[in-house]
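Undergrad: make a model of this:
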Amino acid sequence: MPIEIPVPPAIFKPVAEKSAASSPLWQHIQVKSSTQNKILFEVIKDSSEIPQKQIIWEPVKSNIPIDANKIREHSPQWIVVPADKNNHPPSDAEASLGAPLSAQEAEERRLRLPPLSSSFAPLLRMGQLPLADLLDDGYGEFSFQQVSPSSGGVGGGSGNQNYAFRADLAINSKLLLSAFYSYADDPLFARINGKATQPANLWTAGGLGLRGRLAAGQKWALAAEGSVEIFTVGSGGCNGGFSRGCSTTSDNIFNASGSRVQTRNWVGSLNLPMRWNPTQRWQLALTPGVSFLPATQGASQGGAGQFFGTVVSIGAGSSYRIGDQLDLMSSVVLPLGPGTNAFNSNLSFVRVPILSLGAKYAVNPRISLEASVTNGFGLTPATAVLALPSAPYQPMLSGRFVWNPGAPDSPKPLTNARQRSLSLGGLSVSTALIPSAERTQAWVNADSYGNLLASGSYSVSHDFQFEISGGSFGNAGANATGIPSGAAANFLNIYQGPGNINLRFGGKAVVFRPSKALPIWAAGRITVGRNFDPSSSQGYLFFETINTWEATPWLALNFNPKVAWSGLGTPWGIGLSANIQLGKSFQLIPEVNAVATDTGGRNGTNGTLALRWLANETTAFDVYISNASGLLDLGLLLGTNQLRVGGKLTVQF
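TA: You can find the predicted model right below:
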């Protein structure tokens, strides 16, 4: 009996039975105008010439009488793709599924469903501008942010970085409680005129905030937000364990005492954010506000010097959502007075607009990544109006990671044993696969030249894992045999000198999974951190994109561009590797990192050859030889003349 389903024009019929594991073949045809809104299905009885485990679909005549009421009685029910896309039917398993037979089966099906558009959280802020939206009752949002110029300024190193953490918790659908903390401790970016020594600078701010909805309509909303914070300001001297080359008697920016000035100030803010949505995807924002900041500093430490004071401001912003996952946004905050929000290299306090232009990409409703260009340096509500100290017009890069732990995850991926083994990663070249949600992965590594490194990561989503890693480098410095001299040796010594302990934090996000059009996994990984050698104490940002293609069931290929950004140099290169399955329990892994910069000397390019033993599906042990200076971040871009032998143990649980 033919079955009719109202859809865009196409007519098909099955001509053979099939197993639940097979995939039917479909053929899209044109039909006459009288059947423009129908698809026809008909079972052909004679299937002797068709393979047993496959269906082939072919067109049937469009003039067969149809009883549309039997659609509801017939099983399976088919989901039809719109005519402007490829008309691929659902899989056999999806098409023939009846009601779940258990709660466990129902949950497994739910985890394979794509998230709804309504699952994606609204924007809570655009750059430095607070917005009127709130989170749904019971939800929370945790974010980590860093802002920094593209160079280190006169202080050198990896730049004037400001780090921030923020937690937003919905008390109910109309009230949002926030806690936040930011930390910046680098010397001032621009040379301060009239000072014999360049003053160090310390800004830390932390406190609590509250946002409440005052009124809302279908396309608009009005809210109020306030904060109370402690703002610690230090100038001159040393900022603690990460300061180098400083003196406790150095100049400060507030007076002529020749010593450090440090004060702790109670500050706060009040904003009235308003939102209007001209369309469903377009949002306009207007936010008047005031930041209550101290007008002077150092009164009891050598004399009061000018500071910012109370700043009334007006902010405006616009965002446009492309699909469910991408928001493009821009904002401006204009300080109106009576106080100021910036000072320059002449220590003249001025008012400058705070501009931001960026984008937010939601990997899924649970994980988002944000990048922007801005001149705003403050990362708490009261300090958000402030520009980069000493260089108020200097553009900076801002990166932000957002985690909504209660939000729906991506559909649970269906992987085989081979793919799960690829999620164990590589050595000097990464793979794009990660363990599924709520799984932990850890590895330890040691080699014949004294490197001792380790890493631990936890998947908070099927598409994202947090990471903490670090360890001690051996004799990869300039005094080691075969290491280049000069600038390259200096670079190696600063970041990976003998006994130089490194600590790094970051994460890895899967942004694409294989499809019929593009059969690859794609991911990105970013880490930040620094070494703890008192003579250098340098930090750097490491970023890599990772692409994995399973060319055959026994061969996977990886393409892995990577860059390490620091104020002392920016080595970058491209990693290439293969994972070759040798029987059930062994894999051969050849890798090369083609390094385009000479920061590591002539031998920046490096290679690794490993033999992996798969003790079981979640445990692997690698034995390898390599001339990379180490298997952690920057070490992947610094080759040496040393051929080291090492071992690496990786486990998942």
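
Undergrad: next structured bit after the helix or strand encompassing Y361?
TA: For Y361, the element it lies in under DSSP states H and E is strand 354-364. Helices and strands here follow DSSP H and E; after strand 354-364, the next one along the chain is strand 367-374.

Undergrad: quick one: low-confidence parts of the stretch 351-500 of the chain?
TA: Residues of the stretch 351-500 of the chain meeting the criterion pLDDT under 70: 475-491.

Undergrad: which residue ranges of it form strands?
TA: Taking DSSP state E, counting those that start in this stretch to define them, one finds strands in the stretch 351-500 of the chain at 354-364, 367-374, 396-403, 440-447, 452-461, 464-472.

Undergrad: out of these, which comes closest to K648?
TA: If you check each of the strands of the stretch 351-500 of the chain against K648 by Cβ to Cβ, strand 440-447 wins as the nearest, at 4.4 Å. (C-beta placed from N, C-alpha, C; glycine too.)

Undergrad: nearest residue to R109 other than its sequence neighbours?
TA: Spatial nearest neighbour of R109, chain neighbours left out: P100 (6.1 Å); criterion: Cβ to Cβ, 6 or more residues apart in numbering.

Undergrad: next, the one you found: secondary structure please.
TA: What DSSP: H, G, I helix; E, B strand; the rest coil gives for P100 is coil.

Undergrad: neighbours of it, how many?
TA: 13 (other Cβ atoms under 10 Å).

Undergrad: pretty sure it contacts R110?
TA: No: assessed by Cβ atoms under 8 Å, P100 is found out of contact with R110, at 9.2 Å.

Undergrad: residue ranges in this structure under the pLDDT threshold?
TA: 1-98, 152, 155-159, 240-248, 475-491, 534-537, 567, 598-603.

Undergrad: for it, which segments are assigned as helices?
TA: 92-96, 103-111, 417-422, 487-496 (DSSP state H).

Undergrad: tell me the domain boundaries of the protein?
TA: 117-403, 417-652 (automatic domain parsing).

Undergrad: out of these, nearest to P411?
TA: Among the domains of the chain, domain 417-652 comes nearest to P411, with 7.5 Å by Cβ to Cβ.

Undergrad: distance between the ends of stretch 102-116?
TA: For stretch 102-116, the first-to-last residue distance is 24 Å (Cα to Cα, to the nearest Å).

Undergrad: give the buried residues for that stretch.
TA: Using 16 or more other Cβ atoms under 10 Å as the test for burial, stretch 102-116 gives L111, P115.

Undergrad: stretch 383-397 now?
TA: Of all the residues in stretch 383-397, those buried under the rule 16+ other Cβ under 10 Å are 383-392, 394, 396-397.

Undergrad: out of those residues, what pair is the most spread apart?
TA: Using Cβ to Cβ, those span at most 19.6 Å, a distance reached by V385 and L397.

Undergrad: tabulate the CA atom coordinates of stretch 585-600 in PDB.
TA: What follows is stretch 585-600 as a C-alpha-only set of coordinates in PDB (Å, rounded to 0.1, in the frame of the first residue of the first chain):
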ATOM      1  CA  SER A 585      46.800  -3.500  21.000                       C
ATOM      2  CA  PHE A 586      49.500  -1.400  19.300                       C
ATOM      3  CA  GLN A 587      49.700   1.800  17.400                       C
ATOM      4  CA  LEU A 588      52.600   3.500  15.500                       C
ATOM      5  CA  ILE A 589      52.600   7.300  15.800                       C
ATOM      6  CA  PRO A 590      55.000   9.400  13.600                       C
ATOM      7  CA  GLU A 591      54.800  13.200  14.200                       C
ATOM      8  CA  VAL A 592      56.500  16.300  13.000                       C
ATOM      9  CA  ASN A 593      56.200  20.000  13.900                       C
ATOM     10  CA  ALA A 594      57.300  22.200  11.100                       C
ATOM     11  CA  VAL A 595      58.200  25.400  12.900                       C
ATOM     12  CA  ALA A 596      58.200  28.600  10.800                       C
ATOM     13  CA  THR A 597      60.100  30.900  13.300                       C
ATOM     14  CA  ASP A 598      63.700  30.700  14.500                       C
ATOM     15  CA  THR A 599      63.000  31.400  18.200                       C
ATOM     16  CA  GLY A 600      64.200  27.800  19.000                       C
END
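
Undergrad: I'd like the domains of the chain laid out as TSV, including distance to D409.
TA: Supplementary listing: the domains of the chain in TSV, determined by distance: least, Cβ to Cβ, whole Å:
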stretch	distance to D409
domain 117-403	5
domain 417-652	5
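
Undergrad: of all those, which lies closest to Q104?
TA: Each of those has some distance to Q104 by Cβ to Cβ; the shortest is domain 417-652, at 16.2 Å.

Undergrad: out of the strands of the stretch 351-500 of the chain, nearest to R612?
TA: Of all the strands of the stretch 351-500 of the chain, it is strand 440-447 that lies closest to R612, at 12.0 Å by Cβ to Cβ.

Undergrad: what's across from the residue sitting nearest the centre point of the chain in the sheet?
TA: Centroid-nearest residue in the chain: L369, 4.4 Å away (criterion: Cα atoms, centre = their mean). Beta-bridge pairing for L369 (DSSP bridges): Y361, F401.

Undergrad: would CSV of the strands of the stretch 351-500 of the chain with distance to F231 be doable?
TA: As requested, these are exported to CSV (distance: least, Cβ to Cβ, whole Å):
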stretch, distance to F231
strand 354-364, 17
strand 367-374, 20
strand 396-403, 20
strand 440-447, 38
strand 452-461, 32
strand 464-472, 29
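
Undergrad: tell me which of these approaches T552 most closely.
TA: Nearest of the strands of the stretch 351-500 of the chain to T552, taken as Cβ to Cβ: strand 440-447 at 25.4 Å.

Undergrad: for that closest one, buried residues please.
TA: Buried residues in strand 440-447 (16+ other Cβ under 10 Å): Q441, W443, N445, A446, D447.

Undergrad: okay if I get the residues you listed as JSON lines plus distance to R420?
TA: Shown next, in JSON lines, are the buried residues of strand 440-447 (distance: Cβ to Cβ, whole Å):
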{"residue": "Q441", "distance to R420": "11"}
{"residue": "W443", "distance to R420": "16"}
{"residue": "N445", "distance to R420": "21"}
{"residue": "A446", "distance to R420": "26"}
{"residue": "D447", "distance to R420": "27"}
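
Undergrad: hang on, P411 packs against R110?
TA: No: in this structure P411 lies outside contact range of R110 using Cβ under 8 Å: 9.5 Å.

Undergrad: what's the burial count for the residue lying closest to S117 once chain neighbours are set aside?
TA: Leaving out its chain neighbours, the residue that sits closest to S117 by Cβ to Cβ, 6+ apart is D324, at 5.0 Å. Counted with other Cβ under 10 Å, residues neighbouring D324 total 17.

Undergrad: so what's D324 up against?
TA: Shown in contact with D324 (Cβ atoms under 8 Å, 6 or more residues apart in numbering): P115, S117, F120, A362.

Undergrad: now these: which count as buried?
TA: Counted by 16+ other Cβ under 10 Å, these give P115, F120, A362 as buried.

Undergrad: just name the closest of the residues you listed to L568, please.
TA: A362 (34.5 Å).

Undergrad: I'd say T296 and A304 touch.
TA: Yes: using Cβ under 8 Å, T296 is in contact with A304, at 4.1 Å.

Undergrad: what is in contact with the two at once?
TA: By Cβ under 8 Å, 6+ apart, the residues touching both T296 and A304 are F254.

Undergrad: please enumerate the strands of the stretch 101-250 of the chain.
TA: Secondary structure of the stretch 101-250 of the chain (DSSP E, counting those that start in this stretch): strands at 125-126, 129-130, 140-149, 162-172, 175-184, 201-216, 220-235.

Undergrad: wait, which of these is closest to W403?
TA: Shortest separation from W403 across these is recorded for strand 140-149, at 4.7 Å, computed as Cβ to Cβ.

Undergrad: can you list the helices and strands that the closest one packs against?
TA: strand 162-172, strand 396-403 (3 or more Cβ pairs under 8 Å, 6 or more residues apart in numbering; DSSP states H and E).
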